[in-house]
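Colleague: A structural model of the following input is requested.
(chains A and B)
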Amino acid sequence: MSPVFYLISAMTVAGGLAAVLLKNTVHCALALTVAFAGLALLFLQLDAQFAGFAQILVYIGAVAILVVFAILLTRGSETPKDGVYSRNWPIGLVIAAAVFSVLGWAVLQSARVLPNETAVPKVTVLDIGNALVGRYVLPLEIVALLLTAATIGAVIVALHEKEGAK
Amino acid sequence: MTPLTGYLLVAALLFAIGLAGALTRRNAILVLIGIELMLNAANLNLIAFWRYGPHPEALTGMMFAIFSIAVAAAEAAVGLGLVISIHRHAHTTDLDNMNRMKG
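Modeller: Got it, this is the predicted structure:
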């Protein structure tokens, strides 16, 4: 475990914590961007260059911007009077803590049998492209259809209703 | 501790943080942010298993992560569109006040 891994992990987890804990919604979106950037760096640490740059493009470039747009369009940056946490937040916290303990316990218990290949995988973007249009061409087409449908659907859902339609 | 264990623990922690955010926040957009964090934690697991598992040249984990990123982007677009539409209709994004399905 290199110090770089600990640094990036700390940044990612801090970004995630800030994204769910801060009061101002715009600050949450910015913290979320930090967490996404940390995840992209972790992908690069794992020698997955393509996934890392796709993460930067898709999450920091599109999803984070979309979240900021939604916050500003819904005037969500105003902190509500009765707090930012739901009425039954202790239950949610207990569930999350339980899930983390179970996951952590499972990971630590199975540490001996987990694979540990040290050789760096020699995978280029050319290999990924060949796999995408070769073996994985059907999932690729389905994802293309899904993205088209999602784009049209999102536009229709968020479209202004006509005056007098109510 | 092997590197894979470290990555899996970080992913578990991120997943728990996202789950806590999705379950405890009132604002619908913040709930979506929590869900995005959980999806990203799952992606980290996929990539980590791809890197440290046998046969990385088969690209299975990598492909899974790439498709997962694409589906998560579609989910974010539709989810935020729904939030904007609900806000226009009910003038709130507070989930504690959204307690009826009738418009």
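Colleague: okay, and for chain B, where does confidence drop off?
Modeller: In the predicted model of chain B, residues B:103 satisfy pLDDT under 70.
Colleague: Residue B:37 against residue A:34, yeah?
Modeller: No - applying C-beta atoms under 8 Å as the test, residue B:37 and residue A:34 come out as separate, 11.7 Å apart. Where C-beta positions appear, they are placed from N, C-alpha and C, glycine not excepted.
Colleague: Neighbour count: the two, which is higher?
Modeller: Relative neighbour count places residue B:37 above the other of residue B:37 and residue A:34, with 28 against 18, counting by other C-beta atoms under 10 Å in any protein chain shown.
Colleague: dump the residue contacts of residue B:32.
Modeller: With contacts taken as C-beta atoms under 8 Å, 6 or more residues apart in numbering or on different chains, residue B:32 has the following neighbours: A:67, B:76, B:79, B:80, B:83.
Colleague: Helices of the chain, start to end?
Modeller: In the absence of a named chain, this looks at chain A. Under the criterion DSSP state H, helices of chain A are mapped to A:3-21, A:25-45, A:49-55, A:64-73, A:89-109, A:125-133, A:137-158.
Colleague: if you could check chain B rather than the one you did, that'd help
Modeller: Listed in chain order (using DSSP H), the helices of chain B are B:3-24, B:28-52, B:60-90.
Colleague: by how many degrees do the last one and helix A:125-133 diverge?
Modeller: The one in question is helix B:60-90. Note on geometry: by axes from the mean of the first three to the mean of the last three C-alpha atoms, to 10 degrees, helix B:60-90 and helix A:125-133 are set 70 degrees apart in direction.
Colleague: cool, and the second one?
Modeller: Helix B:28-52 and helix A:125-133 meet at an angle of 110 degrees, taking the same axes, to 10 degrees as the criterion.
Colleague: circling back: between residue B:37 and residue A:34, which contacts overlap?
Modeller: Counting by C-beta under 8 Å, 6+ apart, the residues touching both residue B:37 and residue A:34 are residue A:19.
Colleague: about what we covered before: for residue B:63, find the nearest of the helices of chain A.
Modeller: Ranking these by proximity to residue B:63 (C-beta to C-beta) places helix A:125-133 first, at 6.5 Å.
Colleague: Look at residue A:162 and report its pLDDT.
Modeller: According to the prediction, residue A:162 has pLDDT 63.
Colleague: Residue A:84 now?
Modeller: The score at residue A:84 is 79. That number is its pLDDT.
Colleague: That one against residue B:26, yeah?
Modeller: Yes - with contact taken as C-beta under 8 Å, residue A:84 and residue B:26 are classed as touching, separated by 6.0 Å.
Colleague: thought residue B:63 was touching residue A:137?
Modeller: No - using C-beta under 8 Å, residue B:63 is not in contact with residue A:137, being 11.3 Å away.
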